[in-house]
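Enquirer: dropping the sequence and predicted coords here.
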Amino acid sequence: MESLWESGVRIPRRRPAEGLHERDVVVIGAGMTGILTAWQLQKAGKQVAVLEAGRIAGGQTGRTTAKITSQHGMKYSRLLRELGQKKAGLYAKANQRAISEYEHIIAENKIDCDFERLPAYLYSTSDRSGLHAEAVAAAALGIPAYEARITELPFETVGAVCFENQAQFHPLKFIRALAAKLEIYENSPVRSVGSRIVCTDRARFLAKSIVFATHYPFKDLPGFYFLRQHQDRSYVIALKGCEPLQGMYYGVDNAGLSLRSAGDILLLGGNAHRTGESKKGGGYGSLKAAACKFYPQAKIAYMWAAQDCMPHDGIPLIGRYSLWHPDWYVATGYGKWGMTSSMAAAMLLTDLIRGRHNPWESVFAPRRIRPEAARENFKWDVQVSTRGLWKGITGGKEKCRCGEGEFQARCTHMGCKLVWNPHEKSWDCPCHGSRFDAEGKVLDGPAQKPLRRETH
């Protein structure tokens with residue numbers, strides 16, 4: 001379904017890539033990360049080309065709630081406990097700096113994208129025990145955060161933490177302005193990547209550096225990113241006719257709601273689940289019930305779903321792609337906080353490509369290994385193997401069936417068994433999050449090939 005952002009903005013089309021080209025940097029993917037990275041590199045004097053498989057901002061960027069915050073759920077007490085003061089502080093500084101960088105770019109280029117500074121709140125309706133620790137941790141790391149009382153929500157809360165001077169905006173208005181000044185090729189899916197060469201159907205690019213900004217990296221080897229993260233789906237309904245909120249809100253309870261205003265439209269989000277584990281009643285059911293209960297006067301104007309890469313240690317994977325390819329770079333694993341993480345990634349990758357030191361590198365380095373995260377991933381691999389992973393890899397003949405046709409039941413990424421999602425009419429992969437429509441076309445990666453239709 002079309003999102004609020006997609007309904008009001010049309011970004012001019014670009015031609016597909018053709019022929020042989022040489023560039024300093026090729027960026028694969030024209031979502032927020034790819035556009036920001038290309039922008040930062042171009043400002044630093046690099047010749048940059050961006051290759052996009054579909055349309056500019058046609059993926060997850062158009063499905064965000066577009067909060068630009070260093071408030072990432074119950075994050076900082078955990079980071080202090082697991083990483084220590086220094087690294088947790090670097091994570092906080094990277095995200096605080098990202099907010100300021102958005103504001104700087106918008107002001108310098110006079111971009112009309114509804115950018116505004118607002119407080120962001122964590123809240124709970126049932127248990128305030130962890131909120132105090134989160135407020136103390138965030139403040140200790142230099143974030144303007146403190147315990148607060150919420151008065152403008154239509155339900156009672158037992159506690160909250162306020163992060164001051166955060167931001168929100170219209171992501172596609174912002175991208176449209178930046179994209180106009182960049183070299184971008186649409187409908188140019190990358191078919192192969194060599195050490196310093198990127199090939200599409202009709203073009204080859206020779207590059208000194210290559211950036212994978214494709215939401216989920218499609219190159220499995222080297223890198224093994226499929227072992228480091230999974231994908232979640234979450235849902236948003238946009239309600240027309242609501243009084244604007246003076247802050248942004250994120251519920252920390254299991255069924256907590258995310259809220260922010262865009263003019264007289266209220267975005268109500270939540271109901272996250274692992275891709276391939278569709279909830280009974282569909283992703284929008286509980287949100288519609290909440291809307292009827294708390295905003296009975298409002299009408300639903302838009303509904304959409306987003307997909308997020310969830311790193312198993314809770315920290316994005318940003319930096320050099322692998323030890324074997326020092327000129328490849330990657331940004332993934334944003335864990336539902338893509339707007340701020342995209343900017344932090346763009347700044348970090350630009351420094352790395354320019355050969356400049358960036359203190360954030362050690363925090364986000366993709367090659368880091370966290371034993372506890374590896375254990376969690378192993379447990380999940382055991383679970384999915386019982387669902388048919390082994391059968392798929394070894395050539396099982398089970399088929400997907402729906403009203404539109406019959407397909408092999410294996411994901412074209414790594415052979416995992418697919419699950420039919422009746423609410424969104426898609427075949428979903430519970431292993432790595434690929435999705436296919438009823439015709440077998442790829443909706444979300446890392447899969448690149450469509451499902452193979454059975455012939456009779």
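Expert: Structure received. Note that the coordinates shown come from a computational prediction; the quantities given were computed from them, not determined experimentally.

Enquirer: which phi and psi does Ala262 have?
Expert: Backbone geometry at Ala262, expressed as degrees, to the nearest 10, gives phi -140, psi 90.

Enquirer: what pairs with it across the strands?
Expert: Applying DSSP bridges to Ala262 yields these beta-bridge partners: Ile265.

Enquirer: now Ile300
Expert: Beta-bridge partners, per DSSP bridges, of Ile300: Leu239.

Enquirer: what count of nearby residues applies to it?
Expert: 16 (other C-beta atoms under 10 Å). C-beta here means a position set from N, CA and C on the backbone, and glycine is covered the same way.

Enquirer: likewise for the one 10 residues further on?
Expert: The criterion is other C-beta under 10 Å. On that basis, Met310 has 18 neighbouring residues.

Enquirer: relative to Asp437, how far out is it?
Expert: From Met310 across to Asp437, the span is 23 Å (C-beta to C-beta, to the nearest Å).

Enquirer: let me see the ranges of the helices in the chain.
Expert: Using DSSP state H, the helices of the chain run over 4-8, 32-43, 76-83, 85-108, 129-140, 171-179, 285-294, 338-353, 361-364, 371-384, 390-393.

Enquirer: ok, for Gly256, nearest residue in space, not its chain neighbours?
Expert: Gly270 (6.4 Å; C-beta to C-beta, 6 or more residues apart in numbering).

Enquirer: for that neighbour, give the beta-bridge partners.
Expert: Tyr235.

Enquirer: now do the contacts for it.
Expert: Residues near Gly270 by C-beta atoms under 8 Å, 6 or more residues apart in numbering: 234-235, 251, 255-258, 286-287.

Enquirer: could you report the pLDDT at it?
Expert: We have a pLDDT of 90 for Gly270.

Enquirer: pretty sure Trp360 contacts Ala344?
Expert: Yes - judged on C-beta atoms under 8 Å, Trp360 makes contact with Ala344 at a distance of 7.0 Å.

Enquirer: joint contacts of those two?
Expert: In contact with both Trp360 and Ala344: 94, 318, using C-beta under 8 Å, 6+ apart.

Enquirer: neighbour count winner among those two?
Expert: Between Trp360 and Ala344, Ala344 has the larger neighbour count (other C-beta under 10 Å), namely 29 against 22.

Enquirer: am I right that the more buried one is in contact with Asn358?
Expert: No - using C-beta under 8 Å, Ala344 is not in contact with Asn358; the gap is 10.1 Å.

Enquirer: next, work out how far apart Cys113 and Gln168 are.
Expert: 10 Å.

Enquirer: of those two, which one has the most company?
Expert: Gln168 (23 against 20).

Enquirer: please list all residues in contact with the more buried one.
Expert: 66-68, 114-116, 118, 248, 260, 262.

Enquirer: weed out the non-buried ones from the residues you listed.
Expert: By neighbour count, with 16 or more other C-beta atoms under 10 Å, the contacts of Gln168 hold 66-68, 115, 118, 248, 260, 262 as buried.

Enquirer: possible to save these as TSV with pLDDT and distance to Gly223?
Expert: Below are the buried ones among the contacts of Gln168 laid out as TSV (pLDDT from 0 to 100; distance: C-beta to C-beta, whole Å):
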residue	pLDDT	distance to Gly223
Ala66	97	29
Lys67	98	29
Ile68	98	28
Phe115	98	34
Leu118	97	37
Met248	98	34
Arg260	97	34
Ala262	96	37
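
Enquirer: now render the helices of the chain as TSV, adding mean pLDDT.
Expert: Output for those, formatted as TSV (pLDDT from 0 to 100):
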stretch	mean pLDDT
helix 4-8	91
helix 32-43	98
helix 76-83	95
helix 85-108	97
helix 129-140	95
helix 171-179	98
helix 285-294	93
helix 338-353	98
helix 361-364	96
helix 371-384	59
helix 390-393	44
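
Enquirer: out of the ones you listed, flag the one nearest Tyr321.
Expert: Taking C-beta to C-beta, helix 338-353 is the member of these nearest to Tyr321, at 10.7 Å.

Enquirer: alpha carbons only: can I get the closest one in CSV?
Expert: What follows is helix 338-353, C-alpha atoms only, in CSV (Å, rounded to 0.1, in the frame of the first residue of the first chain):
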residue,chain,number,x,y,z
GLY,A,338,16.8,3.9,9.8
MET,A,339,16.7,7.7,9.4
THR,A,340,19.3,8.5,12.0
SER,A,341,21.4,5.4,11.2
SER,A,342,21.4,6.3,7.5
MET,A,343,23.1,9.7,8.3
ALA,A,344,25.5,8.2,10.7
ALA,A,345,26.4,5.6,8.1
ALA,A,346,26.9,8.2,5.4
MET,A,347,29.3,10.2,7.5
LEU,A,348,31.2,7.1,8.7
LEU,A,349,31.5,5.5,5.2
THR,A,350,32.6,8.9,3.7
ASP,A,351,35.5,9.1,6.2
LEU,A,352,36.5,5.5,5.6
ILE,A,353,36.5,5.9,1.8
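
Enquirer: hmm, which helix or strand of the chain has the shakiest average pLDDT?
Expert: Using mean pLDDT, DSSP states H and E, helix 390-393 stands out as the lowest-scoring helix or strand of the chain, at a mean of 44.

Enquirer: can you pull the contacts of Asp201?
Expert: Taking C-beta under 8 Å, 6+ apart, we find Asp201 in contact with 16, 188-189, 191.

Enquirer: CSV for those residues, including pLDDT and neighbour count?
Expert: Listed next are these as CSV, based on pLDDT from 0 to 100; neighbours: other C-beta atoms under 10 Å:
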residue, pLDDT, neighbour count
Pro16, 98, 15
Ser188, 97, 26
Pro189, 96, 15
Arg191, 95, 10
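
Enquirer: between those, which is nearest Leu323?
Expert: Closest approach between these and Leu323, by C-beta to C-beta: Arg191, at 24.5 Å.

Enquirer: gap between Ile99 and Tyr284?
Expert: With distances taken as C-beta to C-beta, Ile99 is found 30 Å from Tyr284.

Enquirer: hang on, I meant Trp328
Expert: In terms of C-beta to C-beta, Trp328 sits 38 Å off from Tyr284.

Enquirer: what of Val442?
Expert: Val442 is 23 Å from Tyr284, by C-beta to C-beta.

Enquirer: again, but for Ile265
Expert: For Ile265 relative to Tyr284 (C-beta to C-beta), the value is 16 Å.

Enquirer: quick one: which of these two has more around it?
Expert: In this view Ile265 and Tyr284 are compared by other C-beta under 10 Å, and Tyr284 has more residues nearby, 21 against 17.

Enquirer: in stretch 289-300, what's buried?
Expert: 290-291, 294-295, 298, 300.

Enquirer: I should have written stretch 420-436 there, sorry.
Expert: In stretch 420-436, counting by 16+ other C-beta under 10 Å, buried: 421, 424, 426-436.

Enquirer: quick check: closest non-adjacent residue to Ala98.
Expert: Per C-beta to C-beta, 6+ apart, closest to Ala98 is Met343, 3.7 Å.

Enquirer: for the one you found, give me its contacts.
Expert: So Met343 contacts 36, 68, 98-99, 101-102 (C-beta under 8 Å, 6+ apart).

Enquirer: which of these lies closest to Ala179?
Expert: Leu36 (10.7 Å).
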